[in-house]
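Make a model of this:
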Amino acid sequence: MAIAWNYELLLSGTTGVSVIDPFVFVGGKTRFTVAALVALGIAILVYLYTELLARSSFSRVLKAILDAEVAANVYSKDIVKARAQTLIIGGDIAAVSGSL
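The predicted model follows:
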């Protein structure tokens, strides 16, 4: 870490890394309110998505795999695909929550 501590081209030297403000167009003190409302809206959308997902056939497949993996395999449910999709969905939700 000490090698790239004040490296001009990588970390902008002693001024640090600058981050673009996506709410510059709002201006004033309302910028923080708009940012909070956007974050709240995205959080509500993620909540609704997970509620719909919990009531879908995919959720029933995951419950079947959890209860009896062999029985789910007998009923021709692709266990590896379902687990991979679960990891992908979880990663997506974690990425969205990390960006908020």
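
Could you point out the longest helix of this structure?
Of all the segments of type helix in the chain, defined by DSSP state H, the longest one is helix 30-54.

Could you pull up the mean pLDDT of it?
When pLDDT is averaged over helix 30-54, the result is 93.

can you start the count at 224 instead of 1 from here on
All right, first residue 224 from here; so that's helix 253-277.

what comes into contact with it?
D244, F246, V247, V249, S282, I312, I316, V319, S320, L323 (CB atoms under 8 Å, 6 or more residues apart in numbering). Bear in mind the C-beta positions are built from the backbone N, C-alpha and C, glycine included.

Could you find the closest non-adjacent residue to the last one?
When the adjacent residues along the chain are set aside, L323 lies closest to A262, with 4.8 Å between them (CB to CB, 6 or more residues apart in numbering).

Please apply the same query to the third one.
If you skip the residues right next to it in sequence, V247 has R254 as its closest partner in space, 7.8 Å away by CB to CB, 6+ apart.
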